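>>> compute the structure for the input listed below.
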Amino acid sequence: MPINHLYKEEQITSPLRELWRSFASNPFAVAGLWAVIFLLILVVLGPLLAPFQPEMQNPNAILLPPSWDPTGHVSHFLGTDDLGRDLFSRILHGVRLTFGMSLIVVVCALVVGFIIGSLSGMMRGLKSSILGHLFDALLSIPSLLLAILVVAVTGPGLSNVFWAVGIALTPQFVRAIHQAVHEELQKEYVTAARLDGASSLQIFWYVIMPNVWEVVIIQTTIAISVAILDIAALGFLNLGAQAPSSEWGSMIFQGLSSLLIAPWTITIPGLAILFTVLSINLVGDGLRSALAPIRN
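Residues are numbered from 1 along each chain as shown. Here you go, the predicted model:
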């Protein structure tokens, strides 16, 4: 005998599925996500796809324009610089140095900032007030200026840039997580959980953190863009990656001498930086818009 369904069952979607549905409704956010995936693939496979070594010089192809120029050549798709180095190969190698390093720096800053911000956010009284004012003072210094100060002490170099940008970004994570945890700690449902006998660790992880992940995700996307710009800016100021590195900011600095006669040596790495930062910002805006209705 067939079963008659008199009532239609209501399907309740999971928060992650609802987040993806809201995120996918934004075409710009999806385009940014595909661009970020493309960049992640280049971080892993970029050096393997490069037709030349980044430091390889060709004296017969100095300042060769891109291939779409009438005087260009298809063997050097994006042209060459003043030393005959292939820009396409250097861009592919530079993805790992600029975008890949920014991801590692942000992850390290996130871990340190999450621990310090969570501990300080759970504090009360004088300790919490002192830490809050201390983080406000640190945030009053721009991240790039703070990174320049650290590099000035430790010296130029790509390894020192890692620590400089990481130290500059950590206070932003600490302050954002501290403020979010501290605000959630004042809510009534936290008091109800405490009256039910929940420990401080249980309150933090099961009650507070589900409402703080939004802040963590948004702050992470912002920090990746800031890290890319800071790493490139330090390279452009000759305080970061040194020649003949293929880091994008350093490539712009190395192309300044041939700006008027070979503008592609600067515009191509500049467009690579613009494309990367724009992609990250599109994903961040899409996540911010998708998380807002779920939180509400």
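>>> check contacts around M122.
M122 makes contacts with 181, 185, 200, 204, as judged by C-beta atoms under 8 Å, 6 or more residues apart in numbering. C-beta here means a position set from N, CA and C on the backbone, and glycine is covered the same way.
>>> per-residue confidence for it?
With respect to pLDDT, M122 scores 81.
>>> now it: how far from V190?
11 Å (C-beta to C-beta, to the nearest Å).
>>> swap in F135?
From F135 to V190 the distance is 22 Å (C-beta to C-beta).
>>> can you check P244 too?
55 Å.
>>> repeat that for N211.
Distance from N211 to V190, by C-beta to C-beta: 10 Å.
>>> related to what we said a few turns ago, more neighbours: F135 and V190, which one.
Per other C-beta atoms under 10 Å, whichever of F135 and V190 has more neighbours is F135, with 22 against 17.
>>> touching, the more buried one and P171? I think so.
Yes - F135 lies in contact with P171 (C-beta atoms under 8 Å); the separation is 5.7 Å.
>>> now for these two: what residues contact both?
By C-beta under 8 Å, 6+ apart, no residue touches both F135 and P171.
>>> and the contacts of stretch 49-63?
42, 73, 75-76, 79-86, 88-90, 92-94, 244, 246, 258, 261-262, 265.
>>> the same query, at a cut-off of 7 Å, please.
For stretch 49-63, the external contacting residues (C-beta atoms under 7 Å, 6 or more residues apart in numbering) are 76, 80, 82-86, 89-90, 92-93, 244, 246, 258, 261-262.
>>> cool, and stretch 70-82?
Residues contacting stretch 70-82 (C-beta under 7 Å, 6+ apart): 58, 61-67, 86-88, 91, 254-255, 257-258, 262, 264-265, 268.
>>> which of those are buried?
61, 64-66, 86-88, 91, 254-255, 258, 262, 264-265, 268 (16 or more other C-beta atoms under 10 Å).
>>> just give me the closest of those residues to V215.
I91 (34.0 Å; C-beta to C-beta).
>>> the most centrally placed residue in the chain: helix or strand, and which one exactly?
Residue closest to the mean C-alpha point of the chain, counted by C-alpha atoms, centre = their mean, is I224 at 1.4 Å. Element membership for I224, per DSSP states H and E: helix 213-236.
>>> just the mean pLDDT for that helix, thanks.
91.
>>> do stretch 48-63 as well
According to the model, stretch 48-63 has a mean pLDDT of 88.
>>> dump that stretch to CSV, restricted to CA.
What follows is stretch 48-63, C-alpha atoms only, in CSV (Å, rounded to 0.1, in the frame of the first residue of the first chain):
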residue,chain,number,x,y,z
LEU,A,48,57.1,24.4,-13.3
LEU,A,49,55.1,26.3,-15.9
ALA,A,50,57.7,29.1,-16.3
PRO,A,51,59.5,28.6,-19.7
PHE,A,52,62.8,30.2,-18.4
GLN,A,53,64.6,30.6,-15.1
PRO,A,54,63.8,33.9,-13.5
GLU,A,55,67.5,35.0,-13.4
MET,A,56,68.3,33.8,-16.9
GLN,A,57,69.6,36.7,-19.0
ASN,A,58,69.4,36.8,-22.8
PRO,A,59,71.6,39.6,-24.3
ASN,A,60,69.9,39.2,-27.7
ALA,A,61,66.4,40.0,-26.2
ILE,A,62,67.0,43.1,-24.0
LEU,A,63,63.9,45.2,-23.5
